[in-house]
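Participant: Build me a model from this:
(3 chains)
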Amino acid sequence: MNSLILRSATQLLLTILLLFSFFLMLRGHDLPGGGFIGGLVAAAAVALYAIAFGYRAAQAMLRISPRALVGWGLLAAVASGFLALLQGQAFLTGQWWIVELGGGAELKLSSPLLFDIGVYLVVVGTILTMLFALEER
Amino acid sequence: METPLALTVGVLFACGLYLVMQRNLLRFVFGLLLLSGSVNLLIFTVGRLTRGAPAFVPSELSTPPGDVSNALPQALILTAIVIGFGLVVFAMILLLRTYERLGTVKTEELSAHLEAPRPVPMRHDDEAPA
Amino acid sequence: MPGGDRVLIAVLLAFGVALAAPVIVRVAGDRSGWVLALLPAGITAYLLSHGSRVAAGESIVERVAWVSALDIHLSMRLDGLSLVFALMIAGIGTAIVIYAGGYLRGDRQLPRFYLLLLAFMAAMLGVVLSDNLISLFVFWELTSITSYFLVGYKHEDETSRKSALQALLVTAGGGLAMLAGFLILGLVGGTFEISELLSDPEAIRGHEAYLAILLLVGLGALTKSAQWPFHFWLPNAMAAPTPVSAYLHSATMVKAGVYLLARLSPALGGTPAWFWLLTLAGAATMLAAGSLALLQRDSKRLLAYSTLIALGTLVMLIGVGTPGAISAMIVFLVGHALYKAPLFMVAGSVDHEAGSRDVTALRGLGRVMPITWITALVAGLSAGGLPPLFGFVAKELAYEGLFENPLLLGALIAASAVMVLIVYLVAWRPFAGREIHAPSAPHEAPLSMWLGPALLAAGGAVLGFAPWLIGDSLMVPAAAAVLGELHPFRLYLWHGFTLALGLSAVTVALGVVLVWRWRPVHDALRSRTLGWTFGPVGGYDALMAGLVRFAAWQTRVLQSDDLRHHMTIILGFTVALTGLTATFRGELAFDLRHEAGYFYEYIVLVLVGAAAISALRAHSRLVAITSLGVAGFGIAIVFVFFAAPDLAITQFLVETLIVIIVALVLIRLPRGSLRETSNGSVRAIAGTIAVAGGALFTVLTLAVTALPFDASLTTFFEAESYPAAQGRNIVNVILVDFRAIDTLGEITVLAVAASGAYALLRRSFGRRRDDVDTEDRSDRVHVERGGGA
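Facilitator: Residues are numbered from 1 along each chain as shown, chains lettered A, B, ... in the order given. Here you go, the predicted model:
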């Protein structure tokens, strides 16, 4: 789509939307958001980019094939389940590692987070796979 | 408030049902979309309604205070929305491929591309001499 | 018992040799028949070695647990009746296996043939040796299946295939009825072991289910033994190679029904129902076969009708059930086996060496085929019931056994006269005469093809002079097994000038008249009945055609190719059944005193409903998509109202993405109205189903909300979300922790959908670049048309 306003806005928006999508995904455990919502936002951002610059540019920008994202996402989700097995617990039992960062700040790493990242990647990958396949025709 | 919601569920469901019984595959897909929305709304309604109190645990507490909205149907519906979306997109793509291959999206014209089963006449050597 | 499980081993060994037969045939080549005949010959010898013990009234019983929880055992029982049948199967089998080696010499399918033939033999031995109803049934069905493959041996020939299927459907259909009968019998008698069932006959005969058992088991036996009105499959089964016809369809398989009736007669027999069922079926078979035989000129079909006459006689004698009738049945059974198998093989040899089975096309073959002719004459005289052959002894006994039932006796005499005619047509007419008439230059059959029939025919001659050879040792114990008690009888060739002898003379005289008047009668009947479509065969045809028509009809109506019909039927039934269940069994209760909503909430709901209706009515695609979008966003707002922020966000995003994707698809589809051209009634049906379904959903929603709410799960999630899973967004905690395995399943579904969509769109794309075939060209044409429209 040949619109200067759209193109300029999109370049700015893409970064913000992608960052926002990741943020939504990360904070999802405590506030509205999560892997599904984050993934949908990211997919919408890339779709916007594809509308503005064409799907080839979107593919180039993404660098990685969306199908690979689906694969990595599934892998991450399954792997998060195996973490519990290592601890002798049932598959997919939540595991937590709280890292003290000093000054009262702490970083909560967890297997549900890894799982949510997996969900995020699968959702982005699925939508973009379909979108690009359609665009390619 | 449940009664008007139940009516809305009914209207959405009826429109969806009608559309999936149509000739044009495009309308079929539209029907799927409405059916999906209708069912999501149904699950939401039967999980009981709560206003203004989302299912969150406030930062100073370890359990939600008082009545909050029912989280379980929400979790179910959330995945159902995404899955329904995947289903509709897949159906759209199938529709596109069908059109490219057969040149039509009308169900009865599609069936003309299939070979209809025909009764096979049974004949054999019986007691009458041939 | 001494000797271990040898009877069972004999049966299993036969199956083993059958499986190995293809290999043996490849090694032994043209000598396969002789080599493989060692198996039935060995079994015959083994059985004969038990003859003295069985003759002494002993029965050899073995039992191997199979499915003991269900009282199913591989029980074997060798008593007088089993021994006679097993000897017939193995003894005649020996002759047949040798004969088939010559008859099918050089046939590429010979390995397969021997596999099936020997497997049949093993199964048949299993039938007559089983002492358990269920294992008997399994062997029984195995004979039907092997028979199916053997009748359809010439599988390139349509008639063969049709005949094979007909034989299978009739016999296996009867077999299913028999299984039902066996199950009832087992439940009534409390065991599936035949010997135990027979020991308490009153419990079965007196039970209210007796008639059902009799009819169901009878159906199995009567179809297998080709009794009227199920007789038609047997003449058609003559499409099989002659060794199969001689073995399965005269000597053994068709006798399985006779065996079963004889075997169960101590428990089921002796009632008026038994008497009428069997005598009527037997007499009807004899008379129908006797009259239909007049239409035939094909030697194998003529013999098939004579087999039907014999089978009818046997069933009738079992039905009469007196000691005299049963003794006659056993003797007749052996006599028939000894003459019918050779006659079939002779007919096959003539077909093989002279090129025809049409008895009117052959003359004078006796000059070039003397051994075959002598065999035919000896077997034929026995078949015609003439002294001094065993067939005469058997027929005299049969007449005597029927003295108390003059009508049945009359039927047997009439049928026996037709037997005389058939013997003349098969064993005399083609061979007699000075001039040779045959389609191909005839010559004597090879050793493998005359030895078996000649030995069997000679057996009939020897036993004619000396029937006492097998009287006390085989016949009396067999009859005792059927009667349940010992009734000694003596076999004589010469009874003196008795009533039976007089009736034999009458029979022969009638036969001679038939022979004399055959040609004109035959020609007149043939010209009149060419259009034969009624009767049992017509019934079978009508049934089969009806079945196919019904299948086509229900496929057309219920499983139409048209997706719309499919959906209408499925949804119509679903809505109707759910609705009826909810109405009559749902015990639905409603409580409509809900809390009132805010004004703007009603507006949004009305908007959602209106948008859905607008999507339904839209003729323009743009209007439809916009309406759907409005409905979707409206639902998202409902989620906002009722405190479900995650759902609202998800719904908003999905609606946005759907619009993008639908737009991408639509620009590739032809422009056009969404208006339907359906007629009014189609729309009315769809509308009715839709309105009913919508109303049902409204009602169900209201009914469920009126039920007391079970919050236990929700309470658990609320209580544990932060303490156990360190998450404050309960919805997300459920998704990624409490019910993560569900979510894993769902994202897997998404991944599969992505792969599917990619494969759908990508496959043709990749191929178009590489190898352009016609299919892909047509693909492109459609794309261009789509783009240009």
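Participant: max-length helix in chain B?
Facilitator: Ranked by residue count, the top helix of chain B under DSSP state H comes out as helix B:71-102.
Participant: Look at residue 12 and report its pLDDT.
Facilitator: You didn't say which chain, so I picked chain A. If you check A:Leu12, the pLDDT there is 86.
Participant: ah, I was thinking of chain B
Facilitator: Per the predicted model, pLDDT is 96 at B:Leu12.
Participant: B:Ser36 is in contact with that one, correct?
Facilitator: No - in this structure, B:Leu12 is not within contact of B:Ser36 by C-beta atoms under 8 Å, at 9.4 Å. Backbone N, C-alpha and C define where each C-beta goes, glycine included.
Participant: got the CA positions of stretch C:700-718 in PDB?
Facilitator: The C-alpha atoms that make up stretch C:700-718 are tabulated as PDB, following Å, rounded to 0.1, in the frame of the first residue of the first chain:
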ATOM      1  CA  LEU C 700     -30.500 -24.100  27.600                       C
ATOM      2  CA  THR C 701     -28.600 -21.000  28.700                       C
ATOM      3  CA  LEU C 702     -31.500 -19.900  30.900                       C
ATOM      4  CA  ALA C 703     -32.000 -23.300  32.300                       C
ATOM      5  CA  VAL C 704     -28.300 -23.700  33.200                       C
ATOM      6  CA  THR C 705     -28.100 -20.200  34.800                       C
ATOM      7  CA  ALA C 706     -31.200 -21.200  36.900                       C
ATOM      8  CA  LEU C 707     -29.300 -24.200  38.400                       C
ATOM      9  CA  PRO C 708     -27.300 -23.700  41.600                       C
ATOM     10  CA  PHE C 709     -23.800 -22.700  40.800                       C
ATOM     11  CA  ASP C 710     -20.900 -25.000  41.600                       C
ATOM     12  CA  ALA C 711     -18.000 -22.700  42.300                       C
ATOM     13  CA  SER C 712     -15.700 -25.300  43.800                       C
ATOM     14  CA  LEU C 713     -13.200 -25.200  40.900                       C
ATOM     15  CA  THR C 714     -13.200 -21.500  40.600                       C
ATOM     16  CA  THR C 715     -12.700 -21.100  44.400                       C
ATOM     17  CA  PHE C 716      -9.800 -23.400  44.200                       C
ATOM     18  CA  PHE C 717      -8.100 -21.400  41.400                       C
ATOM     19  CA  GLU C 718      -8.800 -18.100  43.200                       C
END
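Participant: hmm, back to that, so B:Leu12 and B:Ser36 - more neighbours on which side?
Facilitator: B:Leu12 (31 against 22; other C-beta atoms under 10 Å in any protein chain shown).
Participant: From C:Gly452, how far off is that one?
Facilitator: Separation of B:Leu12 from C:Gly452 (C-beta to C-beta, to the nearest Å): 80 Å.
Participant: for C:Ala246, same thing?
Facilitator: C:Ala246 is 9 Å from C:Gly452, by C-beta to C-beta.
Participant: Return every residue with contacts to both of those two.
Facilitator: Common neighbours of C:Ala246 and C:Gly452 (criterion: C-beta atoms under 8 Å, 6 or more residues apart in numbering or on different chains): C:Ile96, C:Tyr99, C:Met345.
Participant: tell me which of those is nearest to chain B?
Facilitator: Chain B lies nearest to C:Met345 out of these, by C-beta to the nearest C-beta, at 22.3 Å.
Participant: Measure how buried the closest one is and give me the count.
Facilitator: C:Met345 has 36 nearby residues by other C-beta under 10 Å.
Participant: Run a quick check on it versus C:Ala95, I expect a contact.
Facilitator: Yes - counting by C-beta under 8 Å, C:Met345 does reach C:Ala95; the two are 7.5 Å apart.
Participant: so what sits against both of those two?
Facilitator: Contact criterion C-beta under 8 Å, 6+ apart; residues shared by C:Met345 and C:Ala95: C:Gly452, C:Pro453.
Participant: does the residue nearest to the spatial centre of chain C belong to a helix or a strand, and which?
Facilitator: The centroid of chain C falls nearest to C:Ala172 when counting by C-alpha atoms, centre = their mean (3.4 Å). Using DSSP states H and E, the element containing C:Ala172 is helix C:158-189.
Participant: elements contacting that helix?
Facilitator: Judged by 3 or more C-beta pairs under 8 Å, 6 or more residues apart in numbering or on different chains; DSSP states H and E, helix C:158-189 is in contact with helix C:133-151, helix C:194-198, helix C:201-205, helix C:210-224, helix C:233-236, helix C:255-268, helix C:535-558.
Participant: Of these, give the one that comes closest to chain B.
Facilitator: The nearest among those, by C-beta to the nearest C-beta, is helix C:535-558 at 4.4 Å.
Participant: next helix or strand past the closest one?
Facilitator: Taking DSSP H and E, what comes next after helix C:535-558 is helix C:563-585.
Participant: Let me know the average pLDDT across that following helix.
Facilitator: Mean predicted lDDT for helix C:563-585 stands at 90.
Participant: about what we covered before: which one among the shared contacts of C:Ala246 and C:Gly452 gets closest to chain A?
Facilitator: Of all the shared contacts of C:Ala246 and C:Gly452, chain A sits closest to C:Ile96, with 63.8 Å by C-beta to the nearest C-beta.
Participant: how about the longest helix of chain B, does it reach chain C?
Facilitator: Yes - counting by C-beta under 8 Å from any C-beta of the partner chain, chain C has neighbours in helix B:71-102: B:71-72, B:74-75, B:77-79, B:81-90, B:92-97, B:99-102.
Participant: Which of these are buried, as a PyMOL select command?
Facilitator: Entered in PyMOL, the line below selects the buried ones among the residues of helix B:71-102 next to chain C, by 16 or more other C-beta atoms under 10 Å in any protein chain shown:
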select buried, chain B and resi 71+72+74+75+77+78+79+81+82+83+84+85+86+87+88+89+90+92+93+94+95+96+97+99+100+101
